[in-house]
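Visitor: pasted the sequence and its predicted model underneath.
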Amino acid sequence: MDGEVILLDAYASMFGMRLRIALAEKGVKYEYREENLPKKSPFLFQMNPIHKKVPVLIHNGKPICESLIALQYIDEVWHDKNPLLPSDPYKRAQARLWADFVDQKVHTLGRKTWSAKGEEQEAAKKEFIEALKVLEGELGEKPYFGGEEFGYVDVALIPFYSWFHAYETCGNFKIGTQCPKFVAWTKRSMQRESVSKSLADPEKVYDFFLILKKHFGVE
Amino acid sequence: MEEAGGVKLFGFWVSPFAQRVKWALKLKGIQYEYIEEDKYNKSPLLLKLNPVYGKVPVLVHNGKPISESIIILEYIDAVWKQAPLLPQDPYERAQAHFWAKFAEEKVRQSVVEAMCSSGDEKQKAVKLAVEAFEEFEKELKRRGTKFFGGETIGFVDIVAGCISYQLPVHEEVGSIKILDSSKFPGISEWIRNFLNHPLINEGLPQKDQMFAYYSKRSKEIAYQKMSHKTV
């Protein structure tokens, strides 16, 4: 039995999307609870008192915070269906490294493409494209980062695609034209039901992003 | 000591990240070859083994490189089953990963930030560091064990462990005080127990050498931040 699974999330959160995809891949039934960001509920504070962030996966009343940690948890608990991480320790380490790269580079630089100004913003846009090119190099001729199968790194990365429209509009640059291999991978990934049903609509993400921008006082 | 199939560790003498890997290898009794890299003059081999970040530590096992200290620890634990570092239960493992990440990002990094910054930024960084220590203290108390791993040293202890011997140096270099032993009795006791382990205490960098290194490094980091600011 799956037990009681609750996902505390926010529609536009790329980290939340990771868990939606993983739970869908595993066919796990869960209750989705939307946080009305930037306002945060007392329940969120209770489930994630240290970081006070979404997503939080709550399994049989016990919270797991931090999306990549929760992703690994989901893969371990529901290991028999659609495994996301390889069982070989070396390949696992490589998958963890690339997922960490997504957090360190794609997320951080993506954020800078809209939060930074002037030369710093220009540098961030350039480095962001470079990071995607590094990922293209890692993908190579494989259909997915996981190889023949959609895997951990694919799940970690694909949600950022829903934020590209916001990055491009705010940063005034085009991502797709510079990374065609990456675009091909996103199209392939979007064909999976778990992905197409879990990813937020880019226009809605942009609307949310504008609220976020205002909230953080970035013009 | 067990002779494992070709284990090499590329490190840098003062690197807390490389130290984590050394501790894990020693606790599991794994024989390895250590190669010292110069942070300011990296070898072409290191850059080949870690093309993404070009940093130490890199563990090479049977000719295959693994980088990023926390990822290396997990790899070591998966390959060599003796003296396990991570718990078996998936929920407890997730908690170990959570606290390891917290130890790295909120505890260690905030101390370094406080060391390198000045003025208002320094005050803010010290406040964040103290808050992180408070959470750490609370979690130690809640667990009620000698180490985060239980009665023996585990994953979180190894990741957090660098503060045991580097914190006093960072405090001195940065003219800051974070670890007040009366305010953090749990962490203070944990540090004492951790450093009391012969394999942990063995071969740690000398305090005066660390002081000289971090004095220089602190200025470097501050300068880097300044030059980004003026852009």
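Guide: Received, thanks. Residues are numbered from 1 along each chain as shown, chains lettered A, B, ... in the order given.
Visitor: got any ranges where the chain has weak pLDDT?
Guide: All of this refers to chain A. A:218-219 (pLDDT under 70).
Visitor: my bad, chain B
Guide: In chain B (pLDDT under 70), the answer is B:1-5, B:228-231.
Visitor: how about the residues of chain A near chain B?
Guide: Residues of chain A lying near chain B by C-beta under 8 Å from any C-beta of the partner chain: A:50, A:59, A:62, A:64-66, A:69-70, A:72-73, A:76-77, A:89-90, A:92-94, A:96-97, A:100-101, A:118-120, A:123, A:134. Yep, even glycine has a C-beta here, placed from its N, CA and C like the rest.
Visitor: which ones among the residues you listed map onto strands?
Guide: Of the residues of chain A next to chain B, the ones assigned to strands by DSSP state E are A:59, A:62, A:64, A:65.
Visitor: are any of the residues of chain A next to chain B buried, and which?
Guide: A:50, A:59, A:64-66, A:69-70, A:72-73, A:76-77, A:89-90, A:92-94, A:96-97, A:100-101, A:123, A:134 (16 or more other C-beta atoms under 10 Å in any protein chain shown).
Visitor: in helices, which of those appear?
Guide: Among those, the members falling in helices (DSSP state H) are A:69-70, A:72-73, A:76-77, A:89-90, A:92-94, A:96-97, A:100-101, A:123, A:134.
Visitor: quick check: beta-bridge partners of the closest residue to residue A:90 other than its chain neighbours?
Guide: For residue A:90, ignoring the flanking residues on the chain, the nearest one in space by C-beta to C-beta, 6 or more residues apart in numbering or on different chains is residue B:64 at 5.6 Å. Going by DSSP bridges, residue B:64 is paired in beta bridges with residue B:61.
Visitor: so residue A:65 sits against residue A:52, correct?
Guide: No - counting by C-beta atoms under 8 Å, residue A:65 sits too far from residue A:52 to count as a contact (9.6 Å).
Visitor: ok, residues contacting stretch B:128-140?
Guide: Contacts with stretch B:128-140, where a contact means C-beta atoms under 8 Å, 6 or more residues apart in numbering or on different chains, come from A:50, B:99, B:102-103, B:106-107, B:110-111, B:113-114, B:148, B:160, B:176, B:178-179, B:184, B:186-187, B:190.
Visitor: ah, wrong one, I meant stretch A:79-99
Guide: Against stretch A:79-99 from outside (C-beta under 8 Å, 6+ apart): A:22, A:25-27, A:68, A:71-72, A:74-75, A:135, A:138, A:145-146, A:149-153, A:155-157, B:52, B:61, B:64, B:66-68, B:71-72, B:74-75, B:78-79.
Visitor: residues from chain B in reach of chain A?
Guide: With the criterion set to C-beta under 8 Å from any C-beta, chain B comes near chain A through B:52, B:61, B:64, B:66-68, B:71-72, B:74-75, B:78-79, B:90-91, B:93-94, B:97-98, B:101-102, B:135, B:228, B:231.
Visitor: and those, which are buried?
Guide: Among the residues of chain B next to chain A, the ones that count as buried by 16+ other C-beta under 10 Å are B:52, B:61, B:66-68, B:71-72, B:74-75, B:78-79, B:90-91, B:93-94, B:97-98, B:101-102.
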